[in-house]
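**Student:** this one's sequence-less:
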């Protein structure tokens, strides 16, 4: 039994190896697929001050909304599965909302759990946990040592059931030295308080936070290691609360504000330094790091960098794709703003994102988020009330294909469900080789592949989805063809030898209930 369990694990891991190809080079500018606004939009709400996206759900903060008191704040939940018909599904407010709480100053989303920061609530700040499927508030989170002007909730991030919350005004190591807190979102329990090993007054540690798995990155943009306000970021293990690395730019300089924005995905982190001067004063930059080694991999700057663009004021990363906001870019007028997509595996700029209705003082790019082939960009001054823009790169897979076992002559169908299905190209593969329609194959370039099965069709299959941002590959699945699906034989494909394909078919049969 132990041997079979190990074989099962190794085989499925082999089948699940990613086959992603490199993203293409491009200097192209892309406009949005949808524009998001609040159903009750009002001037001065600053809808778009914060954004988050997970799967096909987006959350947008409006921290100056006045519904429950002046600047009490709110956040909005959207279903973005069809960019041609984005639906607002909820407006979130705090159960104990009062004036000047600024609920929505920060937002984060993982699965069906959203966390919303209100950094002025009760002077110290608080964070609220919501179930977005019901709109129900689950917990109100506060620091165990809360104190006035801590700004707890200035920044928030979540991965699974672990949340991290920044409190950049905390004074443990001097005025505004800053801290961050780890919480379990299933219980509302505080697990750790994090501070920098070299914390000092005015560092603003916690001004930005991000988390992926068990690794967190925390920015301290006024740290002075490379000169006054050069900035830094810290990597922590969230299971132990242990600091792993301190990150600084290889070319750190005074007033770069490295760490004002941070994001992490897997073992790759991106750190914004929007006052870097490489392309002119405050043109901005962002840096890519490996969080396992602490090594700087790339310095990113815009291909059309110019003074005061503030590239790097916001950053986000998903897989090997990063999005970086440049809030004061002037392409369509004063401070219209823009955002850029980069491949973090190569450091290559892919696209520049702009609003189709770009206007002066929109601040497009003040907030950014990216997940599974979709990006959202905030423009909190747009149309006086604020807005957010949705970009669909590679359509996200909502439902993966599944293994199939059939008899010879039966039709095996592999199907996927993809959000915004008409925005991508689809190509099915057998053992990595592209399929074409003809003979017993149909639907090779659609979401539904059909095979009139023969023993020679026993193999692994996947589908490559290609959109403007590059390819996304479905999970690989197995087709088993058996004379009797209920029979168990060692040489399952009848080729006279026991090999990888027999193991793959065996596992599928076993999962279907064959003893």
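**Tutor:** Now that the structure is in, tell me what you want to look at. Keep in mind the model is a prediction, meaning the values are calculated, not measured.
**Student:** separation between residue 104 and residue 182?
**Tutor:** The gap separating residue 104 from residue 182 is 22 Å, by Cβ to Cβ, to the nearest Å. No exception for glycine: its C-beta is placed from N, CA and C like everyone else's.
**Student:** now swap in residue 444 and tell me
**Tutor:** In terms of Cβ to Cβ, residue 444 sits 47 Å off from residue 182.
**Student:** Look at residue 104 and residue 182 and report which has more neighbours.
**Tutor:** residue 104 (30 against 21; other Cβ atoms under 10 Å).
**Student:** pLDDT score assigned to that one?
**Tutor:** Residue 104 carries a pLDDT score of 98 in this model.
**Student:** Give me the distance between it and residue 43.
**Tutor:** 16 Å.
**Student:** What is the burial count for residue 161?
**Tutor:** Residue 161 has 13 nearby residues by other Cβ under 10 Å.
**Student:** can you check residue 211 too?
**Tutor:** For residue 211, the count of nearby residues is 25 (other Cβ under 10 Å).
**Student:** Show me the contact partners of stretch 350-359.
**Tutor:** 23-32, 35, 302-304, 321, 323, 331-333, 336-343, 362, 364, 375, 377, 379, 382-383, 389, 391, 468-470 (Cβ atoms under 8 Å, 6 or more residues apart in numbering).
**Student:** Counting only strands, which of the residues you listed make the cut?
**Tutor:** 29-31, 35, 321, 323, 338-343, 364, 375, 377, 379, 389, 391, 470 (DSSP state E).
**Student:** mind listing the helices for the chain?
**Tutor:** 2-15, 500-511 (DSSP state H).
**Student:** Compute the first-to-last residue distance for stretch 90-105.
**Tutor:** End-to-end distance for stretch 90-105: 17 Å, by Cα to Cα, to the nearest Å.
**Student:** residues of that stretch that come out buried?
**Tutor:** By neighbour count on 16 or more other Cβ atoms under 10 Å, the buried set for stretch 90-105 is 90-94, 97-98, 101-105.
**Student:** what two of those have the greatest distance between them?
**Tutor:** Longest distance between any two of the buried residues of stretch 90-105 is 20.8 Å, between 90 and 98; criterion Cβ to Cβ.
**Student:** How is this protein partitioned into domains?
**Tutor:** The record's domain parsing of the chain by automatic domain parsing lists 2-12+397-511, 32-392.
**Student:** Single out the most deeply packed of these.
**Tutor:** Of the domains of the chain, the one with the most neighbours on average (mean count of other Cβ atoms under 10 Å) is domain 32-392, at a mean of 22.
**Student:** Double-check residue 442 against residue 450; I have them as touching.
**Tutor:** Yes. Counting by Cβ atoms under 8 Å, residue 442 touches residue 450, with 4.8 Å between them.
**Student:** sorry, back to before: rank the helices of the chain by pLDDT, which is bottom?
**Tutor:** Looking at the helices of the chain, the bottom one is helix 2-15 with a mean of 30.
**Student:** Report the spatially closest residue to residue 226, excluding sequence-adjacent ones.
**Tutor:** Using Cβ to Cβ, 6 or more residues apart in numbering and skipping the chain neighbours, the partner closest in space to residue 226 is residue 252 (2.6 Å).
**Student:** Against residue 360, how distant is that neighbour?
**Tutor:** 33 Å.
**Student:** chain center to stretch 161-175: distance?
**Tutor:** 22 Å (Cα atoms, centre = their mean, to the nearest Å).
**Student:** meant to ask about stretch 73-85, not that
**Tutor:** The answer for stretch 73-85 is 16 Å, by Cα atoms, centre = their mean.
**Student:** Give me the mean pLDDT for it.
**Tutor:** 92.
**Student:** okay, how far is it across it, tip to tip?
**Tutor:** Termini of stretch 73-85 sit 26 Å apart (Cα to Cα).
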